[in-house]
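Novice: Test case, fold it:
(chains A, B and C)
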Amino acid sequence: MPHAWPDDEAEALRIQDALRPLVDTVGPGPRAPRTVAGVDVAYGADRPDGSTPVAAAVVVLDTVTLRPVATATAVGSTTFPYRPGLFAFRELPTVITALRSLHHTPDLLLCDGQGLAHPRRFGLACHLGVLTGLPTAGVAKNAFVGTFSGLGTERGEWAPLLDGTEVVGRALRTRSGVKPVFVSVGHAIDLATASRHVLALAPGYRLPETTRLADRLCRQVLRG
DNA sequence: GCGACAG
DNA sequence: ATCTTGTCGC
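Specialist: Numbering: from 1, shown residues only, chains lettered A, B, ... in the order given. Take a look at the predicted model:
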């Protein structure tokens, strides 16, 4: 029942409304995860029939060595169009397929996109968390909702992402002098803990190693 | 009404 | 997301 994929926008909105109450925004989640997985999707050129080729990748990293210990991929196609706010319905079906073939359960899942920093507080990371039951967090390259101010320039500094008076996430500086990433809770973890893990996973580049490796892998799969 | 809008 | 090499700057 919960694993239904919508055919239209109205149905997608109803599914988000039904699943949103299932999100655990308290956590606290894994304090010292042994493994963290990155999830990403790549798209090919639209086909004549209107569908789009999709490749999903999951890369599990050892948090100490930051080296991959397991990977999983899946290929498929989407007919659901890209709509800000309904992003998950375009990506998750293929992601779920990839996760089913992953014979390793990571302590945390990091998604490319938002969690609670979403107009209806149910971004991609929340959706994936509810469907899998695993702790998840969103790491986005751009803010979707919310604003921040007074963010310091040094690595490790952060500012709350506010939507009105509500804290929906954090702008986190992973590299000094470089645009921050936007972290938000997905499921079964708290914001501070998620942010701490994201920073630790991004010792050298703006994006955490999890998403960098997942990004590289899904693009590679899309070709081969 | 107009523009903005995760990937 | 994707189309895409070299290049300007610290």
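
Novice: The lengthiest helix in chain A - contacts with which helices or strands?
Specialist: The single longest helix within chain A, with elements called by DSSP state H, is helix A:209-223. Contacts defined by 3 or more CB pairs under 8 Å, 6 or more residues apart in numbering; DSSP states H and E place helix A:209-223 against strand A:35-43, strand A:52-62, strand A:68-78, strand A:108-112. Placement of C-beta: from N, CA and C, glycine included.

Novice: Not counting sequence-adjacent ones, nearest residue to the residue positioned nearest the centre of chain A?
Specialist: The residue lying closest to the centre of chain A (CA atoms, centre = their mean) is A:Cys111, at 1.6 Å. Leaving out its chain neighbours, the residue that sits closest to A:Cys111 by CB to CB, 6 or more residues apart in numbering is A:Ala125, at 4.2 Å.

Novice: what sits against that neighbour?
Specialist: A:Leu109, A:Cys111, A:Gly113, A:Gln114, A:Gly115, A:Thr136, A:Ala137, A:Gly138, A:Ser184, A:Val185, A:Gly186, A:His187 (CB atoms under 8 Å, 6 or more residues apart in numbering).

Novice: change it to 7 Å
Specialist: If you count contacts by CB atoms under 7 Å, 6 or more residues apart in numbering, A:Ala125 has them with A:Cys111, A:Gly113, A:Gln114, A:Gly115, A:Thr136, A:Ala137, A:Gly138, A:Ser184, A:Gly186.

Novice: Could I get those in TSV, plus columns for secondary structure?
Specialist: Shown next, in TSV, are the contacts of A:Ala125 (DSSP: H, G, I helix; E, B strand; the rest coil):
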residue	secondary structure
A:Cys111	strand
A:Gly113	coil
A:Gln114	coil
A:Gly115	coil
A:Thr136	strand
A:Ala137	strand
A:Gly138	strand
A:Ser184	strand
A:Gly186	strand
